[in-house]
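Peer 1: 3D model of this:
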Amino acid sequence: MESALLIKEYRAGVMECAHYGHISITDENGRVVYSAGDPHFRAFTRSSAKPFQAIPGIRAGMAEHYGLTAREIAIMASSHRSEPEHIQVLGQLSHKIGLGEECLICAPSYPLNEESRNQWLRNQGEKRRILHNCSGKHLGILGYSQMKQVDLGTYAEPEHPVQREILQTLSELAGIEQHDIKLGTDGCGFPVFSLPLSALGQAYLKLACPDLIKDEATRRAVETITSAMHQHPLMVGGTDRVDSVLLEDENIVAKGGFKGVFGFALKKERLGITFKVLDGSEEEWAWIVQSILRQIGYANTKLLDRLSEAYPLDIRNDAGTIVGRAEAEFVLTGLNKAGIKS
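Peer 2: Residues are numbered from 1 along each chain as shown. You can find the predicted model right below:
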């Protein structure tokens, strides 16, 4: 199935960029009820998998074992930008599990948040592993590995017991066999999962609607993780990051990933929504999310206004002058009551 044209960007009335991709929206019965492009397109999850990667440790009692706060649980599911709040919570998490950043395999980095990076450089700060945007996930997996008394040095290897448990958990929530999930290596060194957008949507729907999860311990872990994400949305992404903005609405569970993949789900509507921008860009996420929510008639107009305010369709130059505009081009294909595409 061909990709769909998702976003066009215009400058001086001339189309400058076109972004293609795929959108999948599934219901609690696993049906694709809305789509654009190929709803079963296989994509790597990248960081959109982080809430699922946190489940095994929380399910095993890691929060109680280390006395973790909701903010520390949220940072385990984050792609943080190393804003001051993030660095503080990462330090607390590292202290509680008793493992320093020298144990992390993710690369030394500078803060991704521009203001934080500038301040870090003004203070002559060097690259550090704790500043990598995946460090919260890594600390969480290390803490669970230590609690489980398994090897710490190989914690990122696909055959590590914790990594195998993560794969099994994602497989169960996505409703597909483990061998149908193809493994690659993520930017941070962890295994990364390739699966159909529709399957990832089913997994996201279970984050938003944990009553769909049969296993009680997994259900409680999901409730703990998503509650932490809602209590502290800034921990999950950062200032005006799309997933953090969406998490301000308690009806939505959301998490983005690198190279244009994004997952979110709606509790009341019981819909799992995933999309992939094929050129790997994430600048278009908020515009795509806004259009999806408007097309399905999402009721929370305050959230739509918040997204419009944080991510206007106007394109500005470096001086802040409006020089163009973006437009969402896709129209979701839906199912009528007879299950026939319209």
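Peer 1: what ranges do the strands span in this protein?
Peer 2: Using DSSP state E, the strands of the chain run over 4-11, 14-26, 32-36, 42-44, 182-185, 191-196, 252-257, 261-266, 271-277, 314-316, 322-328, 333-334.
Peer 1: nearest to residue 97, out of these?
Peer 2: Nearest to residue 97, of all those, is strand 191-196, at 21.1 Å by C-beta to C-beta. Backbone N, C-alpha and C define where each C-beta goes, glycine included.
Peer 1: pLDDT weak spots in the stretch 151-300 of the chain?
Peer 2: The stretch 151-300 of the chain contains no residues with pLDDT under 70.
Peer 1: what about the helices in it?
Peer 2: 161-174, 197-208, 216-231, 233-236, 242-246, 285-295 (DSSP state H, counting those that start in this stretch).
Peer 1: now do the second one and helix 216-231, the angle between them.
Peer 2: Spelled out, it's helix 197-208. Angle between the axes of helix 197-208 and helix 216-231 is 80 degrees (criterion: axes from the mean of the first three to the mean of the last three C-alpha atoms, to 10 degrees).
Peer 1: packing partners for helix 197-208?
Peer 2: strand 14-26, strand 42-44, helix 50-53, helix 161-174, helix 216-231, strand 252-257, strand 261-266, strand 271-277 (3 or more C-beta pairs under 8 Å, 6 or more residues apart in numbering; DSSP states H and E).
Peer 1: I figured residue 331 hits residue 295, correct?
Peer 2: Yes - at 7.3 Å, residue 331 counts as touching residue 295 under the criterion of C-beta atoms under 8 Å.
Peer 1: just give me the residue right at the centre of the chain.
Peer 2: Compute the mean C-alpha point of the chain, and by C-alpha atoms, centre = their mean the closest residue is residue 255, 2.1 Å away.
Peer 1: could you list everything that one pairs with in the sheet?
Peer 2: residue 263 (DSSP bridges).
Peer 1: how about the contacts made by it?
Peer 2: 47, 48, 50, 51, 77, 79, 236, 243, 262, 263, 264 (C-beta atoms under 8 Å, 6 or more residues apart in numbering).
Peer 1: returning to what we had before: out of the strands of the chain, which gets nearest to residue 84?
Peer 2: Closest approach to residue 84 among the strands of the chain is made by strand 252-257 (21.7 Å; C-beta to C-beta).
Peer 1: now the helices for the stretch 1-150 of the chain?
Peer 2: Per DSSP H, counting those that start in this stretch, the stretch 1-150 of the chain carries helices over the ranges 50-53, 55-59, 62-66, 70-76, 84-97, 114-122, 135-148.
Peer 1: make CSV from those and add mean neighbour count, mean pLDDT and distance to residue 179 to it.
Peer 2: Formatted as CSV, these follow (neighbours: other C-beta atoms under 10 Å; pLDDT from 0 to 100; distance: least, C-beta to C-beta, whole Å):
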stretch, mean neighbour count, mean pLDDT, distance to residue 179
helix 50-53, 27, 98, 18
helix 55-59, 25, 98, 19
helix 62-66, 17, 98, 28
helix 70-76, 25, 98, 27
helix 84-97, 18, 98, 33
helix 114-122, 14, 96, 41
helix 135-148, 24, 98, 23
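Peer 1: count of neighbours near residue 159?
Peer 2: By other C-beta atoms under 10 Å, 8 other residues sit near residue 159.
Peer 1: could you do residue 259 as well?
Peer 2: Residue 259 has 17 neighbours, counted by other C-beta under 10 Å.
Peer 1: equivalent analysis for residue 32, please.
Peer 2: 21.
Peer 1: from residue 259, how far out is it?
Peer 2: 23 Å (C-beta to C-beta, to the nearest Å).
Peer 1: try residue 269
Peer 2: From residue 269 to residue 259 the distance is 27 Å (C-beta to C-beta).
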